[in-house]
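> Got a predicted structure plus its sequence, pasted below:
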Amino acid sequence: MKKSVFLSALAAMTFSFAFVGQAQAGQDKTVVVEGQGVIINGDAAMARDKAIEDALRKAVEQVVGTQVSSESVVQNYQLLEDKIYTKAKGFISNYKVLSSKKDGNVVTVKVQATVGTGKLTNQLEAIGILLQQMENPRIMILVSEQNIGQEYMSYWWGASAAQSSMNIVENTMIEVLQKKGFEFVDHQTLAGKIKVNKAFSISATPNNQQAKEIANLTDAQVVIVGQAIAKNAGTIRGTSMNSAQANISVRAVNTSNGDVIATSTKHQAAVHIDPTTAGTEALKKVAQKAAEDLATKILDKWQKDVATAKRIRLFVAGVGDYNLLLKFKSKLGEIVRGVKSVVERRVDGGVAELDVRLAGTASHFAKELSTKNFGKFSVKVLKVEANLVKVQLKP
């Protein structure tokens, strides 16, 4: 009886608890969930605690579902269980028990919980799931640089690439991004191929189309383009120390469709008795800041793509009859999972280019295309990249 009264009193209360290290404002997501706990040996209070723990876990699971595709959740369930779900409280900024009730030997609570998405994102990033769900796209860096004492921009590509490239910015960005799980294309084997190809007449800062042409010689799905310049700001008053100021402007481009994924512009300074060394340090610092900024923005963009729908370029060969293309487009929306919309861009020489808004990955989309029954014609998958699929229709 006393325990029933105690439970009723608890049910009438609302309880909130703030954990240390809340996520920054604007990076939280609030959800309402239910949790349950079984009363063992008549201990209703303990059951209520277990019910709250269950609710907080479900809150974190729900928010993970908005950041990671359902396919990735299934594939990585054990990893999510070990690294996130069993530590759910660590991702909760605060919570409030809205109601509590007892039904037989089960206590059920309804909880309003705020999940720190910034901290959750960092953990998902650390265990590689955010990149995995985008099929681990490979990156190439095309960032020219100019240090103090250099007359011209330094870069490795194009006909003017005879300038000595120190690779200060590139190496720094690779070091930062690799720690976050990004994979890179080594340009060393590509540099000679570009230099001897007279078709490439590319400036120190390639435009998006030129960047795509270079990256398409490899299997890079993302290219980071831009430039970084360090300048001597003079000596610090009363000392012999030189101050260097470095600026960088970069953008990440999707090589399959030319979309700009993210941009970053940063400024940093460094001091050293040697002006060139000061410039080198300033370039390293500004490259690090830009790489960290790009990583955050790229992952945020990819999270949104997974949560909503991303754009896949679909090239369809074998379109001898336009009516065949119309039937194919109609079937896409009817029988292929994840397809939200299909927009026709052009048809030329029997090849159609379509923009498909898709909830899911390109590989999953390709699998759907190759296994579904399209009736009077078949679909053969020819090529699959992170944001591009090529198929052929066969009547």
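Great, that's in hand. None of these values were measured; they are calculated from a predicted model.

> for stretch 266-279, what is the average pLDDT?
In this model, stretch 266-279 has an average pLDDT of 96.

> Lowest average confidence across helices and strands of the chain, where is it?
Ranked by mean pLDDT, DSSP states H and E, the helix or strand of the chain with the weakest confidence is strand 16-18, at a mean of 35.

> helix or strand right after that one?
As assigned by DSSP states H and E, the chain's next helix or strand after strand 16-18 is strand 28-38.

> now the next helix or strand after that following strand and strand 28-38, what's the angle there?
With elements assigned by DSSP H and E, the helix or strand that comes after strand 28-38 is helix 44-67. Helix 44-67 and strand 28-38 are oriented at 140 degrees to each other (axes from the mean of the first three to the mean of the last three CA atoms, to 10 degrees).

> which strands and helices sit next to helix 44-67?
The contact analysis (3 or more CB pairs under 8 Å, 6 or more residues apart in numbering; DSSP states H and E) places helix 44-67 against helix 2-11, strand 28-38, strand 92-103, strand 106-116, helix 117-126, helix 275-307. For every residue, glycine as well, the C-beta is placed using N, CA and C.

> Given the second one, what are its sheet partners and their directions?
Strand 28-38 has the following strand partners under DSSP bridges: strand 106-116 (antiparallel).

> which parts of the partner strand are buried?
Using 16 or more other CB atoms under 10 Å as the test for burial, strand 106-116 gives 107, 108, 109, 110, 111, 112, 113, 114, 115, 116.

> and if you look at stretch 351-361?
Buried positions in stretch 351-361, judged by neighbour count with 16+ other CB under 10 Å: 352, 354, 356, 357, 358, 359, 360, 361.

> out of these, which are inside strands?
Per DSSP state E, strands hold the following members of the buried residues of stretch 351-361: 352, 354, 356, 357, 358.

> Go through those residues and name the one nearest residue 53.
Closest approach to residue 53 among those (CB to CB): residue 358, at 36.6 Å.

> for the closest one, what are its contacts?
309, 310, 311, 312, 338, 339, 340, 365 (CB atoms under 8 Å, 6 or more residues apart in numbering).

> What is the burial count for residue 93?
Residue 93: 22 surrounding residues under other CB atoms under 10 Å.

> Check what pLDDT it gets.
88.

> any chance of the buried residues of stretch 351-361 in a markdown table, plus pLDDT and distance to residue 49?
Listed next are the buried residues of stretch 351-361 as a markdown table, based on pLDDT from 0 to 100; distance: CB to CB, whole Å:
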| residue | pLDDT | distance to residue 49 |
| --- | --- | --- |
| 352 | 95 | 59 |
| 354 | 94 | 54 |
| 356 | 92 | 48 |
| 357 | 88 | 44 |
| 358 | 85 | 43 |
| 359 | 78 | 37 |
| 360 | 75 | 39 |
| 361 | 80 | 40 |
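
> how about TSV for those residues, with distance to residue 214 added?
As requested, the buried residues of stretch 351-361 are exported to TSV (distance: CB to CB, whole Å):
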residue	distance to residue 214
352	27
354	26
356	26
357	28
358	27
359	31
360	29
361	25
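
> any idea which of the contacts of residue 358 has the most stuff around it?
Each of the contacts of residue 358 was scored by neighbours using other CB under 10 Å; the highest score is residue 312's, at 25 neighbours.

> sorry, back to before: just the closest of the contacts of residue 358 to residue 37, please.
Nearest to residue 37, judged by CB to CB, of the contacts of residue 358 is residue 338 at 36.9 Å.

> Check the contact between the closest one and residue 362; I expect there is one.
No. Counting by CB atoms under 8 Å, residue 338 does not reach residue 362; the two are 10.5 Å apart.

> For residue 81, see how far away the residue nearest the centre of the chain is.
With distances taken as CA atoms, centre = their mean, the residue of the chain nearest its centroid is residue 299 (2.3 Å). Distance from residue 299 to residue 81, counting by CB to CB, to the nearest Å: 22 Å.

> With residue 123 instead?
Residue 123 is 13 Å from residue 81, where distance means CB to CB.

> Would you map the helices across the stretch 151-300 of the chain?
Using DSSP state H, counting those that start in this stretch, the helices of the stretch 151-300 of the chain run over 168-179, 188-195, 208-215, 275-307.

> export those helices to JSON lines and tack on distance to residue 67?
Output for those, formatted as JSON lines (distance: least, CB to CB, whole Å):
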{"stretch": "helix 168-179", "distance to residue 67": "20"}
{"stretch": "helix 188-195", "distance to residue 67": "34"}
{"stretch": "helix 208-215", "distance to residue 67": "27"}
{"stretch": "helix 275-307", "distance to residue 67": "5"}
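
> Tell me which of those helices sits nearest to residue 388.
Nearest to residue 388, of the helices of the stretch 151-300 of the chain and by CB to CB, is helix 208-215 at 11.5 Å.

> so what's residue 246 closest to, chain neighbours aside?
Nearest residue to residue 246, sequence neighbours excluded (CB to CB, 6 or more residues apart in numbering): residue 282, at 3.6 Å.

> any idea how far residue 251 is from that neighbour?
Taking CB to CB, one finds residue 282 at 21 Å from residue 251.

> Between those two, which is the more surrounded one?
It is residue 282, of residue 282 and residue 251, that has more neighbours when counted by other CB under 10 Å, with 31 against 17.

> Wait, that one touches residue 247, no?
No. When contacts are counted by CB under 8 Å, residue 282 is not listed as touching residue 247 (9.2 Å).
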